[in-house]
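Asks: structure for this input, please:
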Amino acid sequence: MYKLLYNIPMKVGVFCNKAAQRFASVQKNLLDLLRSRGIAYETYETVDEIGDVEVLVVLGGDGTILKVAIEAGKRGIDLLGINAGNLGFLTQFEGEQTEAAVDLLLRSFETEERSVLEVQVGQKKYYALNDALFQRCYSDEADNNVVTVAAEIDGKKVDEFVGDGIIVSTPTGSTAYSLSAGGSVLTPDLSAFILTPVCAHSLHNRPIVYNDSHTMQVLHGGESGGLSLYCDGRHVCDPQEGEQIFLRRAPFSVRFVKREDSNFFDKLLFKLNKWSR
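Replies: Residues are numbered from 1 along each chain as shown. Here you go, the predicted model:
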């Protein structure tokens with residue numbers, strides 16, 4: 001879904017991974033441009049520092065954007081990514097295009113909403129812009145190092161998976177780990193999630209795309225091996241045997257500032273060709 005915004009006096013936040021010092025020159029150029037255009041800004045290095053801003057300019061790669069995306073989505077802050085990392089699928093501009101990114105903020109611009117995955121484990125809830133990974137736990141004491149999980153959608157059994165685990169991905173995350181595991185690419189505007197097995201021990205297990213209005217339940221028996229949950233690549237918990245696990249679309253989304261000439265398929269082809277080298 002797209003929403004047209006019109007430029008009004010705004011405060012901009014600039015988030016830069018403090019570990020990415022090699023991109024200091026790009027950050028300096030960005031801040032100089034914001035000052036010269038008369039745009040008020042604050043700089044942040046941790047998620048906890050993010051203040052009351054309308055747009056958060058994120059300097060880094062996809063990993064940096066994933067650090068701030070959920071907080072920005074919950075607070076209704078628009079994200080504008082400038083790629084200063086290795087992967088830039090979620091960014092709209094490259095590091096040498098900083099001036100064009102700042103100029104976009106001075107004009108009317110569109111935002112693109114990306115769905116978020118909510119994962120409920122017992123009474124706790126976790127969120128992911130890209131994906132939730134249910135992965136086997138390695139143990140020297142285990143007879144085998146595979147995990148068995150079953151998936152149900154709205155109470156109807158989908159399949160049982162034996163292997164390294166499963167990925168449940170949003171359309172945004174369909175070009176990440178799910179793609180590497182053999183999942184399909186979903187365009188960002190689809191109202192769908194994709195369930196992708198990881199190294200399944202059965203040739204009949206295949207990725208499944210389903211409407212994101214449904215609720216998925218993941219069932220796990222402790223006798224099949226330990227299970228770990230990762231959201232957007234970050235370990236969040238180890239679900240215990242019998243603990244109920246539900247996945248659904250979150251009640252909020254993440255909004256990205258969208259450049260006028262943005263084309264998902266151009267970016268997809270460029271990135272896939274780059275990664276294939």
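
Asks: ramachandran angles for residue 35?
Replies: Phi and psi for residue 35, reported as degrees, to the nearest 10, are phi -60, psi -40.

Asks: enumerate every residue touching it.
Replies: residue 41 (Cβ atoms under 8 Å, 6 or more residues apart in numbering). C-beta coordinates here come from the backbone N, C-alpha and C atoms, glycine included.

Asks: so how far is residue 63 from it?
Replies: Applying Cβ to Cβ, to the nearest Å, the value for residue 35 to residue 63 is 28 Å.

Asks: same check, this time on residue 29
Replies: Relative to residue 63, and taking Cβ to Cβ, residue 29 is found at 21 Å.

Asks: so where does residue 82 fall, helix or strand?
Replies: Using DSSP states H and E, residue 82 maps to strand 78-83.

Asks: mind listing the helices for the stretch 1-150 of the chain?
Replies: Using DSSP state H, counting those that start in this stretch, the helices found in the stretch 1-150 of the chain span residues 24-36, 62-75, 98-105.

Asks: any chance of CSV for those helices, columns distance to residue 268?
Replies: Below are the helices of the stretch 1-150 of the chain laid out as CSV (distance: least, Cβ to Cβ, whole Å):
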stretch, distance to residue 268
helix 24-36, 24
helix 62-75, 14
helix 98-105, 21
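
Asks: which stretches of the stretch 51-200 of the chain have low pLDDT?
Replies: 85-87, 139-144 (pLDDT under 70).

Asks: that older thread, which of the helices of the stretch 1-150 of the chain sits closest to residue 137?
Replies: Of all those, it is helix 62-75 that lies closest to residue 137, at 23.0 Å by Cβ to Cβ.

Asks: angle of that closest one against strand 78-83?
Replies: Comparing the axes of helix 62-75 and strand 78-83 via axes from the mean of the first three to the mean of the last three Cα atoms, to 10 degrees yields an angle of 170 degrees.

Asks: what residues does helix 62-75 touch?
Replies: Outside of helix 62-75, the residues within contact range by Cβ under 8 Å, 6+ apart are 15-17, 20, 47, 50, 56, 58, 77-79, 81, 85, 87-91, 116, 127-130, 176, 232-233, 250, 252-255.

Asks: could the C-alpha coordinates of stretch 258-268 be exported in CSV?
Replies: Below are the C-alpha coordinates for stretch 258-268, written out as CSV (Å, rounded to 0.1, in the frame of the first residue of the first chain):
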residue,chain,number,x,y,z
LYS,A,258,10.0,5.4,-1.7
ARG,A,259,12.0,7.2,-4.4
GLU,A,260,10.1,8.1,-7.6
ASP,A,261,12.0,5.8,-9.9
SER,A,262,11.9,2.8,-7.5
ASN,A,263,11.4,-0.5,-9.3
PHE,A,264,11.4,-3.7,-7.3
PHE,A,265,12.2,-5.9,-10.3
ASP,A,266,15.2,-3.8,-11.3
LYS,A,267,16.6,-4.0,-7.8
LEU,A,268,15.9,-7.7,-7.6
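
Asks: run through who's touching it.
Replies: By Cβ under 8 Å, 6+ apart, stretch 258-268 touches 2, 89, 92-93, 100, 104, 109-112, 175, 185, 187-188.

Asks: packing partners of the strand holding residue 82?
Replies: Helices and strands touching strand 78-83, by 3 or more Cβ pairs under 8 Å, 6 or more residues apart in numbering; DSSP states H and E, are strand 55-60, helix 62-75, strand 93-94, helix 98-105, strand 245-258.

Asks: please consider this matter closed, and thank you.
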